[in-house]
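*Asks:* This is a predicted model, with the sequence first.
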Amino acid sequence: MLHIFADPSGMAGEYLQVEGSEYNHMANVLRMKKGEEVSVSGGEDGARYLYEIDSFGPDSVILKKKGLLSEESELPVRVILFQGLPKSDKMEWIIQKSVELGVTDIVPVSMKRCVMKLDPRKEGKKLQRWQAIAESAAMQSKRARIPRVHPPMTMKEAVRMAEAESDLRVLPYELQEGSEGTRSMFSALERGQSVSVFIGPEGGFDPAEVEEAASFGIRPISLGRRILRTETAAMVVLSWLIYRFEIA
């Protein structure tokens, strides 16, 4: 079943008008017909609704609401990913895959060992592209919410945001030994809570950054015996959370 996002204000009544790229995809790419079903989310409240195609116009399609879909597509915890800026186009891959796995917020962070340095003149366009990738991934994976990609920030700004907005704060660190502490932290996390995850860039964290993070209650954890790439580490944490809340 096709899943799309729509303006919540247009979903208040029985009928919903869909235009633009979503209309083109439904009418000209998928060649959908009257009576076919579509799931729709406003991207904010975590709810997904079932609609059916009522009619096609020259530049829009009218959908008729059938009811609320009962299956839940969101993780029961908020996950804020603080990602050290990686090289080349790795950030796009990280955004896409972390959204598929359930992340709620993505915060690009400029860290001491980051090779990539964002040009302030191009930051706005880069952020728009990253947000578009997040929305596309949310649509593909039938998310009820569109995760937000925040403007890039410094490590000092990131640790303060994490302290203010999360119940659990962790930092996978290659020098941290033992996984028992990691297991107990995630086991204690409850539905409705939030977790901040700090991932270093290709060069890893500078020791001073680990110390600074610890002063804000961000706890170093181990992800196992192997050293992971920056684009892999967040996916491991998200996979653990999926197992913790949706499988185990």
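*Replies:* In hand now; what should we look at?
*Asks:* What helices and strands are in contact with the lengthiest helix in the chain?
*Replies:* Criterion DSSP state H: the longest helix present in the chain is helix 123-140. Other helices and strands packing on helix 123-140, by 3 or more CB pairs under 8 Å, 6 or more residues apart in numbering; DSSP states H and E, are strand 2-5, helix 90-101, strand 105-110, strand 148-149. The way it works is simple: take the backbone N, C-alpha and C, and place the C-beta from them, glycine included.
*Asks:* Go again with 7 Å.
*Replies:* strand 2-5, helix 90-101, strand 148-149 (3 or more CB pairs under 7 Å, 6 or more residues apart in numbering; DSSP states H and E).
*Asks:* Pull the residues that contact the shortest one.
*Replies:* In other words, strand 148-149. Taking contacts as CB atoms under 7 Å, 6 or more residues apart in numbering, the residues outside strand 148-149 that touch it are Ile95, Asp105, Ile106, Leu127, Trp130, Gln131, Ala134.
*Asks:* Taking these, tell me the two that lie furthest apart.
*Replies:* Spatially, the most separated pair among the contacts of strand 148-149 is Asp105 and Leu127, at 13.4 Å (CB to CB).
*Asks:* For this protein, identify the residue most remote from the centre.
*Replies:* Pro58 (34.5 Å; CA atoms, centre = their mean).
*Asks:* next one: the helix or strand of the chain with the lowest mean pLDDT to chain centre, how far?
*Replies:* Ranked by mean pLDDT, DSSP states H and E, the weakest helix or strand in the chain is helix 180-188, scoring a mean of 84. Put simply, helix 180-188 sits 22 Å off its chain's centre (CA atoms, centre = their mean, to the nearest Å).
*Asks:* Tell me the pLDDT of the spatially closest residue to Leu75 that is not a sequence neighbour.
*Replies:* Of all residues not flanking Leu75 in the chain, Gly102 sits nearest, at 3.9 Å (CB to CB, 6 or more residues apart in numbering). Listed pLDDT for Gly102 reads 96.
*Asks:* and Gly102, what does it touch?
*Replies:* Going by CB under 7 Å, 6+ apart, Gly102 touches Glu74, Leu75, Val79, Leu238, Leu241, Ile242.
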